[in-house]
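Chemist: Sequence and predicted structure are below.
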Amino acid sequence: MHYVTAKRMIGEKKSLNARLLVGILLMSLATTASAAAADAAFGGSKLVKAAEKEGKLVLYTANQLASEQDMVAAFNKRFPGIKVAIVRAPGSRLATRIETEVAAHKLTADVIDMSDRGLVSSFQKVFADYAPPNANLYPEKTKALKNLWPKTSWGFVIAYNSASGVEAPASWKDLAKPEYKGKVGIVVANSGGSTWTRAMFERQELGKDYWVKLAANKPVLYPSGAPAASGIVRGEVLVGGVQSNAVIPQIKKGAPLKVVYPAEGIPVTASAAGVVKTAAHPNAARLYMNWCLSKEGQSVWVEQGGGFSVLKGAPLPQGASPSTKLWIPDSKEYISLRTQWIRDWNKIFNYEQ
Amino acid sequence: MQNPGHGLLKYGWTTALVLILSFLILYPVLMLFYGSISTGSPVAGSSGYQLSIKAFLDVIADPSVIKAFWNTLVVCFGGTVLAVLFGLFFSWVTARTNTPFRRSIEAVSIMPLLIPPLVAGIAWSILGSPKTGMINVFLSKLGLGWQFNFYSSWGIVVIFGIYYAPYVYMFTSSALKNMDPALEEAAAISGVSTFRTIFNITFPLILPAIIAGTMLSFVVMLGIYGIPAVLGTPAKINVLTTYIYELISGAPPVYNKAAATSIILIVITALAVLVQQRVLKGKSFVTVSGKAFKPRLIDLGKWKYLTFSISVVYLILAVILPALALLVGAFRNFLYIPSIASIFDPSAYSLTHFSRLFSNSLTLLSLINTLKIGVITAVVGGLLSFAIGYTVYRTKLPFRRFIDVVSTLPIAIPGLVIGIAYLWAWISLPGGIYGSIWILALAFVARFIPDTVKSLSTSLMQIHKELEEASFICGHGLLATIRKVILPLIAPGLVSSMSLLFILSIRELGSSLFLYSSSTLPMSVLLVNLYEGGDIGVTAAFSVIQTLILIVVVLFTTVIARKMSITSKV
């Protein structure tokens, strides 16, 4: 035990202060370094600064409103100074609006995220040259359209009403089994790009006669995904193919649903998103796209939104085994087969149009 | 306008009206027509634009169009019959009988109007879905072997009948209230039974109002999407609107075919208006003259309990059950109802949907936008409709028939298609109107002119010329006469037209879908976005809020209109 003199104490305090100071300096250096590294992942600090100066961007999207708002909220955690204004409409309506606005030179969008790749062709010229920093981590199949990137990917899974006691189906083929007769809900094939992808997957991967077998099971048809998902929640039907992002957030809130990831594969529709040439906020637009396409952005979509991602190394939704196969349609067939196959589907399912 | 010397004013007035209507209606309809005979968007500067009548040929040659057309006629005809029965019954009960609580019945009978068709469709699918509908869960609990399947043509007919009865009601009730009871009294004195008086005197006297209400409700049903979409699709019943919806939501959207289908609907409506004009031509329907009177109330004796009970049953069907379904949807965490007992399980309910709704920054924005748009639409549309109605029904000005037909056209165009017509027509307007609140308000004014003009028409047609003539003889000019004689007489009608406009603009969906911007997002568009997002709970919560606002508006304007009503003061 020794006495500590007042003087020494002062001296220790001094050196403590000095050490603290150095520590703080080092730490702040480290955070700047990590911030710089993070900025680099999203396009570099120059872009971030320019984007923050613009302070806002206008996004036209076909994604669900609540999902996109979640994305924006996560984006704003990292970049609080940039406001994202959303105009949301389903693909075909959005396409019509964009075409008309382009013709009248009144396009106000900075970023466009279209659900249906088939609908972009008529206004592909509005997109600026753009690629995210992690472009090489996206599959070639999703790069067929120049300057457009799979910002949002929707996948079809099987959902069933777990409170009803119905036996869980294990595969897409199970839906055509007699025990599910009259209990299956289906969104009509022509509802949108993702239902078309699902129909295409069924015919190409599950066999030519899958539609016929499924139709024989007298499924209940729904005009779009929303009533189908709520039909399963309400027990109107007990099983059905639905978009994972329509049911997983509901399950988190406690809905009586469970999800099956069929071994045959998950038909995935990737959106076509890009930066507009005439954007009033080009830097904010690029930053938002970079962030959405980054691992951070894609993880938010998968983990909070319940969607899928085609980015290499991105997570899968909760409960999906790592061996889950994502099925991405051939981009040429996606357009060339569409009209005739939809016609066939309508005929087989006796759905008049 | 009897007094001569107003030549310049006369032509100036007509020209002004025709110009306004051309901008609001003819120009967009023309763009629609242009779109229907072309391949591509008709906006200047679009690529791939070519003239072609292929869309028309496609529509006519398509057998599913004929089937959809037939389904449409069946459900709209059935729905109209029911709507007329309900509407006429209620206007008679509330205006002319001593049924107890008739003031409350009056308020109730227009309530279905407050529920947007899509919300009504959702509410009735919660109630009447064959397996899990609340009604059917209840019936099976009672051990009854039968079920109501609202996923059927009958379901659509019944819901149409309930929801469009207010149209007939609005027309006939103001006619009944402002009717001179002299003839009825004469009949009563001569010993004619009440029943015969109703059918031989009362209803024939208000025939124009009945016909106008019937026609309007029929044509409105032609254009409704929400109800047949929700109730018809599971049963594979396609009507023209669901057919059009599929055309424009497919990939690529086939607007030209949709436009062609709409043009056919427009032609049918124009024909119907011409027929109506022909039928009513040369008949006098004046019931409000210079004499003071009080509408006679019929003492129904103990029958009044029957009319009261019928009203209560209607109230339950049209208002209480769907409202209950909405409330259950809004407060229940999930809409899974395996048994009756689970409906009353308090742990299944919470405020989570509401808190999520109001944590969304867009909710408040859309509320404010909608109120702004509603006020502009009500004021501008109300005044314009009065000007049109007065010109058509009270003057002999040139082109008034033309004005009548033109101002009826928008009703024939389904909302989704009229939206694209306005987008095509107005996007190139100078002065930044596109993307502002005004373009939405203008679209609503144009779209709802038929409803307001027709609802004003009954009060306008009933006022006897002698009132105006007396005013002219006293040396008043035309404007003074309108101000001092006509306006006070039809003020209740004008106020209820404005409130109708306000209500319709809060519910409006079709055209806003194409005209809103991120800063002018209205409630109805947000509602659809929530619905399309699959979250029925939040959708129901938002519907409850929307309905509450509408109820407040209606109560407010009912009080004002009642205060202004001349007949109730005498």
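Modeler: Alright, I've got the coordinates.
Chemist: Contact residues of the stretch 151-300 of chain A facing chain B?
Modeler: Counting by CB under 8 Å from any CB of the partner chain, the positions of the stretch 151-300 of chain A adjacent to chain B are A:161, A:163-164, A:190-193, A:196, A:220-227, A:229-230, A:233-236, A:246-247, A:250, A:253-256. All C-beta atoms are positioned from the backbone trio N, CA, C, and that covers glycine.
Chemist: For the stretch 351-500 of chain B, just list every one of the strands.
Modeler: For the stretch 351-500 of chain B, no strands are identified by DSSP state E, counting those that start in this stretch.
Chemist: Looking at the residues of the stretch 151-300 of chain A next to chain B, which are in strands?
Modeler: Of those, the ones assigned to strands by DSSP state E are A:161, A:220, A:221, A:222.
Chemist: Contact partners for the second one?
Modeler: Contacts here follow CB atoms under 8 Å, 6 or more residues apart in numbering or on different chains; on that basis residue A:220 touches A:182, A:184, A:185, A:186, A:231, A:236, A:237, B:234.
Chemist: Also the third one?
Modeler: Under the criterion of CB under 8 Å, 6+ apart, the contact list for residue A:221 reads A:185, A:186, A:187, A:188, A:349, A:351, B:233, B:234, B:236.
Chemist: Which one (most neighbours) among these?
Modeler: If you count neighbours using other CB atoms under 10 Å in any protein chain shown, the busiest of the contacts of residue A:221 is residue A:187, which has 27 neighbours.
Chemist: so that residue bridges to which residues?
Modeler: In this structure, residue A:187 bridges to residue A:222 when assessed by DSSP bridges.
Chemist: can you tell me the helix or strand for the residue in the stretch 201-350 of chain B positioned nearest to chain A?
Modeler: Going by CB to the nearest CB, chain A is nearest to residue B:253 of the stretch 201-350 of chain B, at 4.2 Å. Under the criterion DSSP states H and E, no helix or strand holds residue B:253.
Chemist: Test my guess that it contacts residue A:92.
Modeler: Yes - the pair residue B:253 / residue A:92 is scored as a contact, 4.2 Å apart, by CB atoms under 8 Å.
Chemist: Please identify which of those two sits among more neighbours.
Modeler: residue A:92 (25 against 20).
Chemist: going on from the helix or strand hosting the more buried one, what's the next piece of helix or strand?
Modeler: Under the criterion of DSSP H and E, residue A:92 resides in helix A:91-103. Beyond helix A:91-103 in the direction of the C-terminus, DSSP H and E gives the next helix or strand as strand A:111-114.
Chemist: What separation do you get for residue A:343 and residue A:83?
Modeler: Distance of residue A:343 to residue A:83, computed by CB to CB, to the nearest Å: 44 Å.
Chemist: Return the residues in contact with the nearest residue to residue A:331 once chain neighbours are set aside.
Modeler: Leaving aside its sequence neighbours, residue A:331 sits nearest to residue A:144 (CB to CB, 6 or more residues apart in numbering or on different chains; 4.0 Å). With contacts defined as CB under 8 Å, 6+ apart, residue A:144 is in contact with A:117, A:331, A:332.
Chemist: Going by distance to chain B, which of these wins?
Modeler: Closest to chain B, out of all of these and judged by CB to the nearest CB, is residue A:117, at 9.2 Å.
Chemist: Ramachandran angles for the closest residue to that closest one other than its chain neighbours?
Modeler: With sequence-adjacent residues excluded and distances taken as CB to CB, 6+ apart, residue A:117 is closest to residue A:272, at 4.9 Å. With angles defined as degrees, to the nearest 10, residue A:272 sits at phi -120, psi 100.
Chemist: do the same with residue A:86
Modeler: For residue A:86, the backbone dihedrals (degrees, to the nearest 10) come out as phi -110, psi 130.
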